[in-house]
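Trainee: Starting from these lines, generate the structure:
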Amino acid sequence: MALQRERPLYSLLGLFLLLAVLYLNWFPGRDPAAKLKLPVPWLQPQMSFVGRDGTHFVDAATGAPLYFNGWNSYWLLSSRNPALVSEMLRRGRRMGLAVCRTWAFADGGPGALQISPGRFSEAVFQELDYVIYEARRNHIRLILCLVNNLSNFGGKAQYVKWAQAAGANMTNSTDSFFYHPTIKGYYRDYVKAILTRRNSYSGIRYCDEPAIFAWELMNEPRCVSNSSAPHVQAWIKEMAAYVKSLDTNHLVAVGIEGFYGTEMVERLGFNPGDWASSLCSDFIQNSAVEHIDFASVHAYPDSWLPKANMEDKIRYLSRWVDSHLNDSEHILKKPVLFSEVGYMQQHVDSNSTADRDVLLKVVYDKIYNSARKLQAGGGALIWQLMVEGTHMYRDNFSLVARDHPSTYKLIMEHSCRLQMLYKKEGDPGWQCSMPP
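Mentor: Alright, predicted model coming up:
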């Protein structure tokens with residue numbers, strides 16, 4: 001009898017405990033670092049995966065077309081600061097940004113996620129857990145990049161060093177990243193560790209997490225010798241297939257800049273210079289790989305055309321965007337994301353910045369026109385947004401959006417008009433608050 005009397009008390013205590021934990025995890029304004037973990041998948045906000053239907057993205061649950069405004073903040077993991085992560089994701093969503101591209105790697109060196117091949121820092125992994133968990137709470141989807149072409153945060157050069165230290169017979173060229181079996185094994189092991197990771201905050205494996213928009217094989221893959229182009233193409237085929245063998249829920253992209261290779265003679269004029277065709281990447285060939293779901297393009301008219309005046313940069317950028325939209329629609333028959341769109345922000349005054357927003361507007365307008373026709377222009381992601389306290393990750397293209405009113409307004413306006421095209425009733429994430 002005493003046991004029966006105690007059961008309601010236990011149930012009541014359990015309910016109070018659950019409410020307390022939910023309060024600590026969800027109440028706005030609390031320090032993110034102080035949140036308790038409640039890794040129960042069914043308690044996470046509802047979200048659907050992103051799929052693809054021909055040349056456009058779709059909500060995998062409803063089939064509704066999706067066109068995105070987004071941004072880059074590569075530093076979310078490396079900041080090791082949950083408060084900064086939360087603030088950046090909140091600000092992004094306030095601007096109607098739905099996709100954030102960021103690094104899911106830190107190979108070797110201080111603060112590494114992957115300390116050595118197959119050996120990980122659990123503390124840093126939990127930082128990545130938090131990035132993904134907090135993205136879902138803010139109804140943001142992430143494009144997670146798996147390795148860097150450059151040596152920043154390790155990159156392919158670190159993989160070469162690891163293989164050499166293990167006694168692999170190879171040259172010092174970083175091109176060996178794309179073809180040496182030891183290095184390819186390291187990369188596959190890393191991919192498997194990431195995709196099968198169970199999030200310590202949500203209890204959801206990364207491969208089952210709808211807050212992840214897509215996996216990106218590499219940030220801006222390039223090679224030293226143009227003779228390595230066949231190796232790069234073979235690597236893309238092999239690794240895209242490998243990702244899909246582990247994860248059928250998510251889209252996969254290469255991460256290329258969009259340059260046309262030497263075999264695309266009729267398109268070389270769209271490149272920003274002769275140098276662009278000698279980097280082993282080719283927009284059409286790389287993006288046409290079976291297990292690559294969408295194409296990616298970058299755009300940096302200031303750094304690609306440093307001596308051009310603004311009129312020439314606008315003219316070039318317009319042709320660059322049009323070419324890739326047309327190729328994606330008619331040749332690749334896949335969506336395309338302009339996943340890095342950057343223009344000079346540092347060392348210019350505020351009036352100059354306002355004038356230079358026209359570069360971003362060129363891309364936005366062409367994406368919008370493509371979206372109106374239900375065509376391949378899936379979205380554009382500005383490079384890159386910051387919050388106060390992240391100056392150590394700043395480059396010449398970085399900005400705190402609210403410090404640049406004209407840019408902030410342009411981003412908001414584009415988010416609004418995309419939402420109005422294929423608006424979902426009851427969207428829990430964001431509703432346009434600007435007047436029509």
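Trainee: what's near enough to touch Tyr133?
Mentor: Counting by C-beta atoms under 8 Å, 6 or more residues apart in numbering, Tyr133 makes contact with Gln44, Asn199, Tyr201, Ser202. All C-beta spots, glycine's among them, are computed from the backbone N, C-alpha and C.
Trainee: sec struct for the last one, please.
Mentor: I take that to be Ser202. Taking DSSP: H, G, I helix; E, B strand; the rest coil as the rule, one finds Ser202 in the coil state.
Trainee: And it, what's its pLDDT?
Mentor: We note a pLDDT of 96 for Ser202 in this prediction.
Trainee: so how far is Asn326 from it?
Mentor: Distance of Ser202 to Asn326, computed by C-beta to C-beta, to the nearest Å: 40 Å.
Trainee: Between those two, which is the more surrounded one?
Mentor: Ser202 (24 against 14; other C-beta atoms under 10 Å).
Trainee: I'd assumed Pro45 was in contact with the more buried one.
Mentor: No. Contact criterion C-beta atoms under 8 Å: Ser202 and Pro45 do not qualify, at 9.9 Å.
Trainee: joint contacts of the two?
Mentor: Joint contacts of Ser202 and Pro45 (C-beta under 8 Å, 6+ apart) are Arg136.
Trainee: how deep is Val265 tucked in, by neighbour count?
Mentor: So Val265, with other C-beta under 10 Å, has 10 neighbours.
Trainee: same question, Val50
Mentor: With other C-beta under 10 Å as criterion, Val50 counts 25.
Trainee: which residues does it contact?
Mentor: Val50 neighbours (C-beta under 8 Å, 6+ apart): Phe57, Val58, Asp59, Ala60, Leu66, Arg141, Pro210, Phe213, Ala214, Leu251.
Trainee: Look up how far Ala295 lies from the last one.
Mentor: With the distance defined as C-beta to C-beta, Leu251 ends up 11 Å from Ala295.
Trainee: Kindly report the same for the fifth one.
Mentor: According to C-beta to C-beta, Leu66 and Ala295 sit 16 Å apart.
Trainee: How is the residue nearest the centre of the chain assigned, secondary-structure-wise?
Mentor: Central residue of the chain (C-alpha atoms, centre = their mean): Arg101, 2.2 Å from the mean position. Following three-state DSSP, we place Arg101 in the strand state.
Trainee: Hmm, it is touching Ser339, no?
Mentor: Yes. Contact criterion C-beta under 8 Å: Arg101 and Ser339 qualify, at 5.8 Å.
Trainee: Buried among the contacts of Val50? Need that as a selection in ChimeraX.
Mentor: Buried members of the contacts of Val50 can be picked out in ChimeraX with the line below, counting by 16 or more other C-beta atoms under 10 Å:
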select :57,58,59,60,66,141,210,213,214,251
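Trainee: Restricted to strands, list the contacts of Val50.
Mentor: Phe57, Val58, Asp59, Leu66, Arg141, Phe213, Ala214, Leu251 (DSSP state E).
Trainee: Return the residues in contact with the second one.
Mentor: So that's Val58. Val50, Gly51, Arg52, Ala64, Pro65, Leu66.
Trainee: and the first one, bridged to which residues?
Mentor: According to DSSP bridges, the residues that bridge with Val50 are Asp59.
Trainee: and what of the fifth one?
Mentor: Here Pro65 shows beta-bridge partners Val58, assigned using DSSP bridges.
Trainee: pretty sure it contacts Leu374?
Mentor: Yes. Counting by C-beta under 8 Å, Leu374 is a contact partner of Pro65 at 6.1 Å.
Trainee: and for the two, which residues touch both?
Mentor: Counting by C-beta under 8 Å, 6+ apart, the residues touching both Pro65 and Leu374 are His56.
Trainee: State the pLDDT value of the nearest residue to Trp383 once chain neighbours are set aside.
Mentor: Among residues not flanking Trp383 along the chain, Gly342 sits closest, at 3.8 Å (C-beta to C-beta, 6 or more residues apart in numbering). As predicted, Gly342 sits at a pLDDT of 97.
Trainee: which residues touch Gly342?
Mentor: His298, Ala299, Tyr300, Asp302, Ser303, Ile382, Trp383, Gln384, Phe397.
Trainee: what's the neighbour count on the last one?
Mentor: With neighbours defined by other C-beta under 10 Å, the count for Phe397 comes to 19.
Trainee: pretty sure it contacts Met344?
Mentor: Yes. Here Phe397 reaches Met344: they are 6.7 Å apart, a contact under C-beta under 8 Å.
Trainee: Please enumerate the shared neighbours of these two.
Mentor: With C-beta under 8 Å, 6+ apart, Phe397 and Met344 have common neighbours Asp302.
Trainee: Make TSV from the ones in strands among the contacts of Val50 and add pLDDT and distance to Ile115 to it.
Mentor: Shown next, in TSV, are those (pLDDT from 0 to 100; distance: C-beta to C-beta, whole Å):
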residue	pLDDT	distance to Ile115
Phe57	98	36
Val58	97	39
Asp59	96	38
Leu66	96	37
Arg141	98	29
Phe213	98	28
Ala214	98	26
Leu251	98	29
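Trainee: would you list the residues you listed in TSV and tack on distance to Glu388?
Mentor: Below are those laid out as TSV (distance: C-beta to C-beta, whole Å):
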residue	distance to Glu388
Phe57	33
Val58	37
Asp59	34
Leu66	31
Arg141	25
Phe213	26
Ala214	29
Leu251	33
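Trainee: Can you name the two of those residues that sit furthest apart?
Mentor: Asp59 and Ala214 (14.5 Å; C-beta to C-beta).
Trainee: which residues in the stretch 51-200 of the chain form strands?
Mentor: 56-59, 65-66, 68-72, 99-103, 114-116, 119-120, 141-145 (DSSP state E, counting those that start in this stretch).
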